[in-house]
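**Q** Take this sequence and fold it.
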Amino acid sequence: MLKVGGLQPGQADNMIENCIGVLPIPLGLVTGLKVNGKNYIVPVAVEEPSVIAANSVIARLIAENSESGFTCKSTPPLMIAQIQITHI
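**A** Just a heads-up that it's a prediction; the model follows:
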């Protein structure tokens, strides 16, 4: 945290919901997020007061109205990378 100036934790707590710390902008938590049947709490750094609240409300509505919440899947990797380190 900055020693002089900058956003103080008390100020950030008044700007967003569920504030847990400060970066150059407030850091808060989106709650109620369910992905593939597992519950998550997601840290979000944002200065807009309604973003965390809106995400928490929508996440909770989706979790309450579906068995698994959000459903996510991925495909196998499509690329292989190689790194060469020289002149060590």
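**Q** Please count neighbours and contacts with C-alpha atoms only from this point.
**A** OK.
**Q** Just want the phi and psi numbers for Tyr40.
**A** Taking degrees, to the nearest 10, you get phi -130, psi 150 for the backbone angles of Tyr40.
**Q** Let me know the pLDDT of it.
**A** Looking at Tyr40, its pLDDT reads 95.
**Q** give the contact list for it.
**A** Going by CA atoms under 8 Å, 6 or more residues apart in numbering, Tyr40 touches 31-34.
**Q** can you list the residues that contact the longest helix seen in the chain?
**A** In the chain, with assignment by DSSP state H, the single longest helix is helix 49-65. Under the contact criterion CA under 8 Å, 6+ apart, helix 49-65 has outside partners 15-17, 28-34, 44, 69-70.
**Q** Can you tell me which of those are buried?
**A** 15-17, 28-34, 44, 69 (16 or more other CA atoms under 10 Å).
**Q** ok, back up a step: what average pLDDT does the longest helix of the chain get?
**A** Rounded mean pLDDT across helix 49-65 is 91.
**Q** Which positions within it qualify as buried?
**A** Here helix 49-65 shows 52-53, 55-56, 59-60, 62-63 as buried, counting by 16+ other CA under 10 Å.
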